[in-house]
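Peer 1: Below are the sequence and a predicted model for it; my questions follow.
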Amino acid sequence: MAELPKRLGTTVATSATNVFDNGNTASTYTVVSSIVIANTSATSYTYNVSTSATTGTHGAYVASGATIAGNDSVILVAGVCLDPTNRFLVAHASNAAVHITAYGVTGP
């Protein structure tokens with residue numbers, strides 16, 4: 001089956017929350033190609049994005065304590081690989097006005 005790019009998940013969480021769960025099937029993998037952070041407020045806020053082996057808990061950071069300006073967006077071109085061991089993409093921001101969305105492919 002061909003891999004198709006898709007939206008993996010999104011969050012507006014103010015505490016560490018899964019954006020995507022790769023699952024625990026041995027042959028399953030996900031490549032997160034980009035992560036879009038959008039701030040819908042005029043105020044600057046901070047955000048964190050990481051991969052983790054534990055649900056809802058930050059692990060290896062892609063971005064930690066990064067600031068996004070008011071009414072701005074940031075696109076992280078990531079190439080982050082998730083597998084059954086390191087299966088969660090976790091994110092949160094300091095305010096619910098910050099939306100974090102991940103895009104990528106899953107296989108097989």
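Peer 2: Good, I have the coordinates.

Peer 1: now the helices for this structure?
Peer 2: For the chain, no helices turn up when DSSP state H is the criterion.

Peer 1: the strands in it, which residues?
Peer 2: For the chain, the strands defined by DSSP state E cover 6-11, 17-21, 29-39, 45-52, 60-68, 73-82, 88-93, 98-107.

Peer 1: So which of the ones you listed is the most surrounded?
Peer 2: Neighbour counts (mean count of other Cβ atoms under 10 Å) averaged over each of the strands of the chain peak at strand 88-93, with a mean of 25. Bear in mind the C-beta positions are built from the backbone N, C-alpha and C, glycine included.

Peer 1: quick one: low-confidence ranges for the protein?
Peer 2: Residues of the chain meeting the criterion pLDDT under 70: 1.

Peer 1: do that again at 80, thanks
Peer 2: 1-2, 4, 108 (pLDDT under 80).

Peer 1: if I read this right, residue 89 contacts residue 11, doesn't it?
Peer 2: No: Residue 89 lies out of contact with residue 11 (Cβ atoms under 8 Å); the separation is 9.6 Å.

Peer 1: Spell out which residues are contacts of both of these two.
Peer 2: By the contact definition Cβ atoms under 8 Å, 6 or more residues apart in numbering, residue 89 and residue 11 are jointly contacted by 18, 19.

Peer 1: how much space between the closest residue to residue 95 other than its chain neighbours and residue 70?
Peer 2: In space, residue 95 comes closest to residue 45 once its chain neighbours are excluded; the distance is 4.5 Å by Cβ to Cβ, 6 or more residues apart in numbering. Using Cβ to Cβ, to the nearest Å, residue 45 is found at 8 Å from residue 70.

Peer 1: which residues do the two both contact?
Peer 2: Counting by Cβ under 8 Å, 6+ apart, the shared contacts of residue 45 and residue 70 are residue 39.

Peer 1: Brilliant, that's me finished.
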